[in-house]
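*Asks:* Make a model of this:
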Amino acid sequence: MKNHQIYKTVIVADGAFPTHDIPIGYLQNANKIICCDGSAGKLVKAGFVPDAIVGDMDSLSEPMAESFSDRLFTERSRDTNDLTKAVLWCNERGYTDLVIIGATGKREDHTIANISLLVEYAKENNVIVVTDTGIFTPMLESHETSSFPGQQISIFSIDNETEITSSGLRYPLTKRKLDNWWSGTLNESLGESFTLEFNRGRVIVYLQFP
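*Replies:* Okay, the predicted model is just below:
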């Protein structure tokens, strides 16, 4: 898999801090690093410096708050989680090419929520979630995705009435409605790309690293 890691805005959520070379590579090559407040300590411990820390600040230590007082952006609204606050902060400043790391690996309910929010963020952003095992990509329309032979693929439909047709996958879909989360999992790419076609709906695709 090719790593397109240069000059992205990286948002660090307060899940498990990544260890894999690919998410770390995004951090190393980031144009901007934006932290949810609870992730700032882990980021600094890993040797990186946040350009901004966004959230309600209930998870930020006092020493961290003092060290980065010039880049704290407090948003106490309970209507959104800290990850969404960070995404909205980026959008207000024109940062719309986003890579989210640290979105998984702790509480499972937070993981599910963070991944499902991708289709909302995709309305305004070019956005992906990168984990230690792969990449989650949201799709709001038919799309051809770069891949490699044997790459493990899982497809999740947020709207269970969406009819999906695939090409380039070992287990093809033909106007298939994925009416449960497991229905489109454990597929496999046959070549250098695959295509998902659907007229309307919200789809999230997981691509496993080699």
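*Asks:* Could you state which residue of this structure sits nearest its centroid?
*Replies:* Val129 (1.7 Å; Cα atoms, centre = their mean).
*Asks:* In three-state terms, label Met64 for me.
*Replies:* Secondary structure, DSSP: H, G, I helix; E, B strand; the rest coil: Met64 is helix.
*Asks:* Measure how buried it is and give me the count.
*Replies:* The number of residues packed near Met64 is 20, by other Cβ atoms under 10 Å. Placement of C-beta: from N, CA and C, glycine included.
*Asks:* check contacts around it.
*Replies:* Counting by Cβ atoms under 8 Å, 6 or more residues apart in numbering, Met64 makes contact with 40-41, 44, 53.
*Asks:* can you rerun that using 7 Å?
*Replies:* Going by Cβ atoms under 7 Å, 6 or more residues apart in numbering, Met64 touches 40-41.
*Asks:* again, but for Asn81
*Replies:* Taking Cβ under 7 Å, 6+ apart, we find Asn81 in contact with Ala113.
*Asks:* gap between it and Ser166?
*Replies:* In this view, Asn81 and Ser166 are 32 Å apart by Cβ to Cβ, to the nearest Å.
*Asks:* again, but for Ile33
*Replies:* As for Ile33, its distance to Ser166 is 36 Å (criterion: Cβ to Cβ).
*Asks:* what do you get for Thr111?
*Replies:* If you go by Cβ to Cβ, the gap between Thr111 and Ser166 works out to 25 Å.
*Asks:* Equivalent analysis for Gln151, please.
*Replies:* 14 Å.
*Asks:* Same check on Val12?
*Replies:* 33 Å.
*Asks:* Tell me which of those two has more neighbours.
*Replies:* Val12 (30 against 20).
*Asks:* so the more buried one touches Gly102, yeah?
*Replies:* Yes. Val12 is within contact range of Gly102, at 4.9 Å (criterion: Cβ atoms under 7 Å).
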